[in-house]
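**Q** Any chance you can model this:
(4 chains)
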Number of protein chains: 2
Amino acid sequence: MQSLLAIADPKRRRIVELLAVRERTAGELVDEFDISAPAISQHLKVLHEAGLVTVRAEGQSRVQALNPDGFGDLEAWLEKTRSVWSHRLDALECELRAEDESNEQKRKKRTSS
Amino acid sequence: MQSLLAIADPKRRRIVELLAVRERTAGELVDEFDISAPAISQHLKVLHEAGLVTVRAEGQSRVQALNPDGFGDLEAWLEKTRSVWSHRLDALECELRAEDESNEQKRKKRTSS
DNA sequence: CAGATAATTTAGTTGTTGCTTAATTAAGGT
DNA sequence: ACCTTAATTAAGCAACAACTAAATTATCTG
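**A** Coordinates of the predicted model:
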């Protein structure tokens, strides 16, 4: 889940937002922030390793572009986690009938063992 | 975007996964990990502050439950970012006609200014 | 009320992250 | 070949995040 760690940082998230609008060079990105060029370069490295951004050489510049497929695993995780939750909701109707009992039992199962 | 930072940590992500299956006490969560109770407690604090997990007192235990609504802002961000990207794709057809020219111009606009 | 259990808070340590400046690599222009 | 521009790598530093042990709070039980 590299992509999650990558966009957890606000600056990297902003880079992603900027690249979502249009591709840019590292230098153009530097202009959007109050931090040094090496700092941006390091952030880009993280984004590359996460598979969120790709590079393409163009003259002496290197054009950074967003790779939206990189969000795949993050979206899959959200989907998975929420689907489990949804199943719980489906089962809720049954559970409601004996809510107190079942909850108490689950709790005491461990206490008594 | 607290929720993003919260699930960026692998242990907290696992906690969320476990709570997605069923609600648990902090003690039950501790059993699933190789770290101390305070560590779990601190992770839960982060998850609470992110709005991903809620608590409910039950006897001397405190039952932790997932709040799937907490993912709202994260999903909204993904949606927003991808929608911008989609617009780019919509515009791609037009761009393709004069790809070389327009790309070169975008690049040189900055260089010459 | 005393003791046990569940959980959190505090204090302190360690590892990681993000930043900076300085040095390096790479491509173009003169 | 030399200089400039674009970008990265390297080295070092400060702030932060995650962990532990010890102390504290809170609730239930005898």
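**Q** Nearest residue to the closest residue to chain B within chain A in space, please, no chain neighbours.
**A** Here chain A gets closest to chain B at one residue, A:Ala8, 3.7 Å apart by CB to the nearest CB. The C-beta positions use only the backbone N, C-alpha and C, and glycine is treated the same way. Closest residue to A:Ala8 apart from its sequence neighbours, by CB to CB, 6 or more residues apart in numbering or on different chains: B:Ala8 at 3.7 Å.
**Q** Hmm, the one you found is touching A:Pro10, no?
**A** No - with contacts counted by CB atoms under 8 Å, B:Ala8 stays clear of A:Pro10, the gap being 11.9 Å.
**Q** hang on, the earlier thing: tell me the confidence at the residue nearest to A:Ala8?
**A** Here the pLDDT value assigned to B:Ala8 is 97.
**Q** Spell out which parts of chain A neighbour DNA strand C.
**A** A:5, A:8-9, A:11-12, A:34-36, A:38-39, A:42-43, A:46, A:57, A:59-60, A:111 (CB under 7 Å from any atom of the strand).
**Q** Which positions in chain A make contact with DNA strand D?
**A** A:25-28, A:30, A:37-38, A:40-42, A:44-45, A:55, A:60-62.
**Q** picking up where we left off before, tell me which of B:Ala8 and A:Pro10 has more neighbours.
**A** B:Ala8 (16 against 11; other CB atoms under 10 Å in any protein chain shown).
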